[in-house]
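Student: quick check, what structure comes out for this input:
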Amino acid sequence: MQSFRTEIENPIVEKDIIELADKIAQFNNLQIDEEKFRSLRLARGVYGQRQAGVQMIRIKLPFGKVMSNQLRRIADVSDEYSRGRLHITTRQDIQIHYVDLQRTPELWAQLERDDVTLREACGNVVRNVTASETAGIDINEPFDVSPYAVALFKFFLRNPICQEMGRKFKVSFSATDEDTGLSYLHDLGYIAKIENGVRGFKVMVAGGLGSQPRHAEVLYDFLPSDKIIPVMEGVLRVFDRFGERKSRAKARMKFLLKDIGLEAFRALIEEEQNAIEFKTVVIDADSYVPSKPVIIEAPQVEIKDQVAFDLWKSTNLIPQKQEGYVAIGVKVLLGDFYTDKARLLADLVDTYAAKEIRLTLRQNIVIPFVKLDLVPLFYTELEKLGFVEAGYNKAVDITACPGTDTCNLGIASSTGIAVELEKVIAAEYPQYLKNSDLVIKISGCMNACGQHNMANIGFQGMTVRTPEKLIAPALQVLLGGGNFGNGNGAFADKVVKVPSKRGPEALRRILNDFEANANGKQFVDYYKVTGERYFYDLLNDLQDVSDLTQEDFIDWGEEDKYVKEIGIGECAGVVIDLIATLFLESEEKIDNAIEAFENGVYSGAIYYAYQSLVNSAKASLLAEDEKTNNQATIISQFDEVFILSKKIALETSFSELIYQINKNAPTKEFAKKYIENSTDFLQKVRAYRNAEISVL
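Tutor: A predicted model of the protein is given here:
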């Protein structure tokens, strides 16, 4: 562990990594339980994998921007600690699989040498802040959203208000009204706007995918840019306090807003403003230094196949607002590529572009700032890497999560069927190579990591049971989803469920019908006209499982007969309900509060003290077999169970004590008093608990 201290310059990062190493040692020595340890490692990007004994590491990359030195560092880490494969996610992260848990602290330390973090890439936290991959170069953008995404990422990283929420929280930025950041399916989505010369955002709230997708609502039609961080802090505080914590299936923001309504939600955000230290946070976008292109004379290259080059140019070049430049879209099959290509790609953008790449929401790569006269060179160099497949962001470019390859929750192979469907389109529907209006996405389970239920044509991994009670892999076919722009979208309908091996035939029927009858309409418009019942009748016979062959019981990409194996999902962590652990956490929160207070971070100190109060109350209620669904319920129940009954004596009600947090500004004086309150409260409830135990 000493090496972490000597190699890492940032003491906060150093402390994080040493804490992870210490907790791993405590877990190995049975000093902390598995559930508590899981919560800690998830918040540090260490995620359990389907295969026993290894971990998936998720690297957090704000709005998918990766500098060439960072890409080399990630490649080196993957070679050293894994198998040399990198996976681009639909949230612009990179994942590395098959990592030994014991080596994760040193892996993290290596990444931080080039300012790459794992912190809060998983768990019940604010996840990676995503954005349009063309931010800063988009010909239609009112302004570059990149500085705002970076500022928000930095403000909430390690922020105590969002470290232990009931579930994960996802944020996006869209550069234009095309809403390529998909604001309508995020917990918070920002769409760039300018009103009266002022930069700001349309703000969408409480969207989500999963088994119950929900369209986000408009929180503000226009919010000045200096308000986006204070508003998000208010949203997070409300979500932390009122969000469900007992049932993971109901713990996302979308369920909270559905329960209390938009106006009540806005009122709660307003109530929190007293507790928020910064009423405005001016983001100095002018000080943000975007990548600058290299000025170099274009070398002469020979294009061996002009037809292939012209096709590639027609599908993979992205117009750029900077005159004389284009961006190049690189289609990455299933988001998987290897470290040898990563290093060569880093060399290429170092020498001839702007030393950066962007990871996209569709698991691809964008290379910005390519001079027009360098396009032939890039084509020839990318061709050597196998990176010139035409059809970037077109119908043939299918998005898929890892599914049963590595994920605990995978039910059927999403990657295997994705490969087969791309083959079908390339071989039988070559006209779709240039079609950007048809979006196909695949998820291995209902959690929608592949975003299947917002696609025009979506597939979700499932199972079917034969009359003989045999289980085979299957696909739920969903149709009619789409992004309409400016925060508007539609979620796909579940139409039929077919054995996985019939997935290609289902796609053929859908595309054949579309070709024959759409008369120039986009697919989503054609689906609106025809409707769910029409496609149900078209595909219904594919649902019959009475005559399955042996092949139907072997999933795509597999050789063995299908076995349904679903582990414990870790997408949002696990709620810790052990009484002793909660009291220990309360102590830790008070220590954190004191440290923040001594560093002059009074708002953080207050929130740590608040968390200690909630933890202590929760532990006491659990000891009485009381339900603890959310923090607001914990607070009110503690008064009912302990204060009104006079089991525990406070000078005031617990509600009045704890809710000082949203009635007082985060001053030094209040922070000191609030920490003292939390310390006294912990002593009292612990004394009561110890007295109860001694009687037993």
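
Student: can you check the pLDDT for Val563?
Tutor: Per-residue confidence at Val563 stands at 69 (pLDDT).

Student: same check on the one 10 residues further on?
Tutor: pLDDT recorded at Gly573 is 37.

Student: ditto for Gln55
Tutor: With respect to pLDDT, Gln55 scores 92.

Student: do the same with Val695
Tutor: pLDDT at Val695 comes out at 58.

Student: and if you look at Asp577?
Tutor: Residue-level pLDDT assigned to Asp577 equals 38.

Student: give the contact list for Glu270.
Tutor: For Glu270, the contacting residues are Gly234, by CB atoms under 8 Å, 6 or more residues apart in numbering. For every residue, glycine as well, the C-beta is placed using N, CA and C.

Student: now it: how far from Leu622?
Tutor: 32 Å (CB to CB, to the nearest Å).

Student: could you do Ser314 as well?
Tutor: Counting by CB to CB - Ser314 and Leu622 are separated by 62 Å.

Student: ok, these two, which is more surrounded?
Tutor: Shown here are Ser314 and Leu622; by other CB atoms under 10 Å, Leu622 has more neighbours (16 against 11).

Student: out of everything not next to it in sequence, what's closest to the more buried one?
Tutor: Ile579 (5.4 Å; CB to CB, 6 or more residues apart in numbering).

Student: buried stuff in the lengthiest helix in the chain?
Tutor: Secondary structure of the chain per DSSP state H: the longest helix is helix 668-695. Neighbour counts over helix 668-695 (16 or more other CB atoms under 10 Å) mark 670-672, 674-675, 677-679, 681-682, 684-686, 688-689 as buried.

Student: could you pull out the helices in the stretch 301-450 of the chain for me?
Tutor: Assigned by DSSP state H, counting those that start in this stretch, the helices in the stretch 301-450 of the chain fall at 306-316, 339-352, 375-384, 414-428.

Student: ok, the residue nearest to Leu622 - how many residues close by?
Tutor: 14.

Student: that one is in contact with Ala619, isn't it?
Tutor: Yes - counting by CB atoms under 8 Å, Ile579 touches Ala619, with 4.7 Å between them.

Student: mind listing the shared neighbours of the two?
Tutor: Shared contacts of Ile579 and Ala619 (CB under 8 Å, 6+ apart): Arg689.

Student: quick one, what contacts Ala619?
Tutor: Counted by CB under 8 Å, 6+ apart, Ala619 has contacts Ile579, Ala580, Leu582, Phe583, Ser586, Val685, Arg689.

Student: now those as CSV including secondary structure and distance to Glu428?
Tutor: Listed next are the contacts of Ala619 as CSV, based on DSSP: H, G, I helix; E, B strand; the rest coil; distance: CB to CB, whole Å:
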residue, secondary structure, distance to Glu428
Ile579, helix, 61
Ala580, helix, 62
Leu582, helix, 58
Phe583, helix, 63
Ser586, helix, 62
Val685, helix, 68
Arg689, helix, 68
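
Student: and which of those is nearest Lys168?
Tutor: Among the contacts of Ala619, Leu582 lies closest to Lys168 (CB to CB), at 21.3 Å.

Student: that closest one and Ala617 touch, don't they?
Tutor: No - using CB under 8 Å, Leu582 is not in contact with Ala617, being 9.3 Å away.

Student: between the two, which one's more packed in?
Tutor: Set Leu582 next to Ala617 and count neighbours by other CB under 10 Å: Ala617 wins out with 27 against 22.

Student: report pLDDT for that one.
Tutor: Value listed for Ala617 in the pLDDT field: 95.

Student: ok, Phe255 to Phe242 distance?
Tutor: 11 Å.

Student: do Asn483 as well
Tutor: 30 Å.

Student: counting neighbours, go ahead and name the busier of these two.
Tutor: Asn483 (23 against 20).

Student: relative to the helix or strand where Gln476 lies, what are the paired strands and their orientations?
Tutor: Here Gln476, judged by DSSP states H and E, is contained in strand 471-479. Sheet pairing here is set by DSSP bridges, and for strand 471-479 it gives strand 457-465 (antiparallel), strand 493-499 (antiparallel).

Student: tally of neighbours for Gly482?
Tutor: Neighbour tally, Gly482, other CB under 10 Å: 22.

Student: ok, it - contacts?
Tutor: Gly482 sits next to Val439, Met454, Ala455, Asn456, Gly489, Ala490, Gln522, Phe523, Val524 when contact means CB under 8 Å, 6+ apart.

Student: who does it bridge with?
Tutor: Going by DSSP bridges, Gly482 forms beta bridges with Ala490.

Student: going forward, the N-terminal residue is numbered 12.
Tutor: With the count now opening at 12, the last piece we talked about shows up as Gly493.

Student: give me the pLDDT for it.
Tutor: 95.

Student: tell me the one of the buried residues of helix 679-706 nearest Thr560?
Tutor: Nearest to Thr560 among the buried residues of helix 679-706: Arg700, at 61.7 Å, using CB to CB.

Student: thought that closest one was touching Leu593?
Tutor: No - using CB under 8 Å, Arg700 is not in contact with Leu593, being 10.5 Å away.

Student: the closest residue to Ser425 other than its chain neighbours: neighbour count?
Tutor: Leaving aside its sequence neighbours, Ser425 sits nearest to Gly414 (CB to CB, 6+ apart; 3.4 Å). By the measure other CB under 10 Å, the count of residues near Gly414 is 29.

Student: mind listing what Gly414 touches?
Tutor: 421-427, 453-456, 461, 472.

Student: likewise Asp237?
Tutor: Applying CB under 8 Å, 6+ apart, the residues near Asp237 are Thr291, Val292, Val293, Ile294.

Student: list buried residues within those.
Tutor: Buried, going by 16+ other CB under 10 Å: Val292, Ile294, out of those.

Student: now the contacts of Asp237 in TSV, with pLDDT, secondary structure and distance to Glu431?
Tutor: Below are the contacts of Asp237 laid out as TSV (pLDDT from 0 to 100; DSSP: H, G, I helix; E, B strand; the rest coil; distance: CB to CB, whole Å):
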residue	pLDDT	secondary structure	distance to Glu431
Thr291	94	coil	52
Val292	95	coil	48
Val293	96	coil	51
Ile294	95	coil	46
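
Student: for Val137, state which of the contacts of Asp237 is nearest.
Tutor: Val292 (15.4 Å).

Student: for Asn151, helix, strand, or coil?
Tutor: The three-state label given to Asn151 by DSSP: H, G, I helix; E, B strand; the rest coil is coil.

Student: look at it and say how many residues are nearby.
Tutor: 12.

Student: helix/strand/coil for the residue lying closest to it once chain neighbours are set aside?
Tutor: Nearest residue to Asn151 in three dimensions, chain neighbours excluded: Thr187, at 4.5 Å (CB to CB, 6+ apart). Following three-state DSSP, we place Thr187 in the coil state.

Student: so Arg178 is in contact with Gly254, correct?
Tutor: Yes - Arg178 is within contact range of Gly254, at 6.9 Å (criterion: CB under 8 Å).

Student: of these two, which one has the most company?
Tutor: The residue with more neighbours, out of Arg178 and Gly254, is Arg178; 27 against 24, by other CB under 10 Å.

Student: quick one: that one and Ala643, what's the gap?
Tutor: 16 Å.

Student: ditto for Tyr201
Tutor: 27 Å.

Student: out of these two, which sits in the more crowded spot?
Tutor: Neighbours were tallied for Tyr201 and for Ala643 using other CB under 10 Å; the higher tally belongs to Tyr201 (30 against 17).
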